[in-house]
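Undergrad: Just need the structure, nothing else, for what follows:
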Amino acid sequence: MKLLMIDDDTGLCELLSEYLTAQGFQIECVHDGEQGLKQAFEHDYALILLDVMLPKLDGFEVLKQLRQKKLTPVIMLTAKGEDFDRIFGLELGADDYIPKPFNHRELLARVKAITRRIEHITSLANTSSNKLTVNNIVINLAAREAYVDEHPLSLTGTEYEVLALLVKHAGEVVSKEQISEEVLGRRLASFDRSIDMHVSNIRKKIAEFNNAERIKTMRGTGYVFIQGE
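TA: Here you go, the predicted structure:
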């Protein structure tokens, strides 16, 4: 699979490029946001590793413009302890984040979790046409699409997986820990708000077409997709 890394730290890019290439990935590196956005638009990548602090265009602006046209999965590379960066990145549509400095193996685990999901979805599309329908929400498992009142939802890969999981377990409480492990491929860390932000994004996108509450927060536990009108 081909990955794009957008980071102005050339030393880190070289190290990660060598490491991920050894793991079977193809890596392209660019060192400013403007060129990174151009590359992301002109080519199809399985995943983008996107730094926040970039020359010309910062990572947030790159992600914002990218999401207007493409839903390529994105892992944000954020500064350690910068909660604002992580939350804002997720609000803009990042699939996951990892704070710098990070262990190469942890990054690899995050990358593999997303690329495995892509491979699973591709396999599903070739073998199944199953759909999940609850109330006015339809999840097309084969096409990896979601609809509300027949309107297509523009979801990132992670948002789609979260919604599909909740719809699959409609009427049941799904814990944040289960969502993190099944969708992000990792255990939920203390004070990690990534799942909350993905659910918030899903709610906003559903509300563009229908204001009825569909995902209820179970405080201290998780979420439940509401059955019935």
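Undergrad: how many neighbours does residue 26 have?
TA: By other CB atoms under 10 Å, the residues close to residue 26 number 13. C-beta here means a position set from N, CA and C on the backbone, and glycine is covered the same way.
Undergrad: and it, how far is that from residue 107?
TA: For residue 26, the distance to residue 107 equals 16 Å [CB to CB, to the nearest Å].
Undergrad: for the closest residue to residue 136 other than its chain neighbours, phi and psi?
TA: Leaving out its chain neighbours, the residue that sits closest to residue 136 by CB to CB, 6 or more residues apart in numbering is residue 149, at 5.0 Å. When quoted as degrees, to the nearest 10, the phi and psi of residue 149 stand at phi 50, psi 40.
Undergrad: pretty sure residue 149 contacts residue 208?
TA: No - using CB atoms under 8 Å as the test, residue 149 is too far from residue 208 to be in contact (10.4 Å).
Undergrad: What is the neighbour count of residue 82?
TA: Other residues near residue 82 come to 15 when the count uses other CB under 10 Å.
Undergrad: residues in contact with it?
TA: Contacts here follow CB atoms under 8 Å, 6 or more residues apart in numbering; on that basis residue 82 touches 52, 99.
Undergrad: mind checking pLDDT for it?
TA: With respect to pLDDT, residue 82 scores 70.
Undergrad: if I look at it, how far off is residue 100?
TA: For residue 82, the distance to residue 100 equals 10 Å [CB to CB].
Undergrad: list the buried ones in stretch 65-77?
TA: Along stretch 65-77, these residues count as buried under the neighbour rule (16 or more other CB atoms under 10 Å): 65, 66, 67, 71, 72, 73, 74, 75, 76, 77.
Undergrad: ugh, wrong one, stretch 83-99
TA: Neighbour counts over stretch 83-99 (16+ other CB under 10 Å) mark 85-99 as buried.
Undergrad: Residues contacting that stretch, please?
TA: Stretch 83-99 is touched from outside by 50, 52, 59-60, 63-64, 67, 71, 73-82, 106-107, 110, 113-114, 156-159, 184, 193-194, 197-198, 200-201, with contacts defined as CB under 8 Å, 6+ apart.
Undergrad: quick one: buried residues of stretch 44-57?
TA: The neighbour-count check on stretch 44-57 (16+ other CB under 10 Å) flags 45, 46, 47, 48, 49, 50, 51, 52, 53, 54, 57 as buried.
Undergrad: Identify the farthest-apart pair in those residues.
TA: 46 and 53 (24.1 Å; CB to CB).
Undergrad: re earlier: can you flag the buried ones in the contacts of stretch 83-99?
TA: Among the contacts of stretch 83-99, the ones that count as buried by 16+ other CB under 10 Å are 50, 52, 59-60, 63-64, 67, 71, 73-78, 107, 110, 113-114, 156-159, 184, 194, 197-198, 200-201.
Undergrad: tell me which of the buried residues of stretch 83-99 is nearest to residue 21?
TA: Distances from residue 21 to the buried residues of stretch 83-99, taken by CB to CB, are shortest for residue 98, at 18.9 Å.
Undergrad: What's the mean pLDDT across the helix or strand hosting residue 62?
TA: Using DSSP states H and E, residue 62 falls within helix 59-67. For helix 59-67, the mean pLDDT works out to 95.
Undergrad: which residues touch the nearest residue to residue 112 once chain neighbours are set aside?
TA: Take residue 112 and drop its neighbours on the chain: the residue closest to it by CB to CB, 6+ apart is residue 185, 7.3 Å away. Residue 185 is in contact with 109, 110, 112, 113, 114, 116, 117, counting by CB under 8 Å, 6+ apart.
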